[in-house]
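[1] Have a look; sequence and predicted model below, questions after that.
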Amino acid sequence: MAEMGTLHDAFLDELRDTYDAEKQLTKALPKMVKASTSAALRDAFEAHLEETRQQVERLEQVFASLDEKARGKHCDGMEGIIEEGQAILEEDFDETTTDACLIAAAQRVEHYEMAAYGTLVAWARVLEHTEAADLLQETLDEEKAADEKLSAIAEGGINQAAADAAHEGEDEGDQEADDEEEVGAAPAKRSSRR
Ligand code: ZN
Ligand code: FE
Ligand code: FE
């Protein structure tokens, strides 16, 4: 009878998946650096690229702490998220909108990683792989910080600049006409968007 897999096996699977995801990201981030027009965003991506390379090495330390050879297993999730991010770059958006879209794509990546590392830390703790848990927690903290930094950059001007460009040429009169139209309008009638 074949032996059933345990949580330890599932843990190793997740580690291999995440190892591959991080490696995919080290190839995608340079493209995002190139595509960004804001200096702050470019710096953030460059800093996270460096961090990501360290996260790959940290995962190698995790494998070593478990006496396992470091190896990856293709992560379809990360591939999909990266693909969607790349599709944005093929669209002909204005500069700040491109930056806003790059941030949106990057935050999807960070949240995906936060979910992965959150699970890995929790499993490493219950399995009492303390060294692995501590290393994985370090990366989880970095992913959270990277996500927060991206929010700060988006909300620190990029989103507003993109929104201003989107509604450029709408004068006050226009705005008032919109407001009047909305008075007493049923919610269903308010679906028209610019
Ligand atoms: Zn174990
Ligand atoms: Fe990462
Ligand atoms: Fe990350």
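    Happy to help now that I have it. Ligands and ions are numbered 1, 2, ... in the order given.
[2] mind listing what's buried in the lengthiest helix in the chain?
    Determined from DSSP state H, the single longest helix within the chain is helix 95-126. Neighbour-count burial for helix 95-126, counted by 16 or more other Cβ atoms under 10 Å, picks out 96-103, 105-110, 112-114, 116-117, 119-121, 123-124. Using the backbone N, CA and C atoms, a C-beta is placed for each residue, glycine as well.
[3] so where does the residue nearest to Glu142 when sequence neighbours are not counted fall, helix or strand?
    Distances taken as Cβ to Cβ, 6 or more residues apart in numbering put Glu51 closest to Glu142, at 5.5 Å, once the chain neighbours are dropped. Secondary structure assignment for Glu51, by DSSP states H and E: helix 39-65.
[4] That helix vs helix 95-126, what angle?
    20 degrees (axes from the mean of the first three to the mean of the last three Cα atoms, to 10 degrees).
[5] what about the next helix or strand after helix 39-65, near ligand 2?
    Next along the chain after helix 39-65, taking DSSP H and E as the criterion, comes helix 76-90. No. Contact between helix 76-90 and ligand 2 is absent, the nearest approach being 9.6 Å (criterion: Cβ under 5 Å from the ion).
[6] and helix 76-90, average pLDDT?
    Computed over helix 76-90, the mean pLDDT rounds to 94.
[7] to the chain's geometric centre, what's the distance from it?
    Relative to the mean C-alpha coordinate of its chain, helix 76-90 is positioned 11 Å out (Cα atoms, centre = their mean, to the nearest Å).
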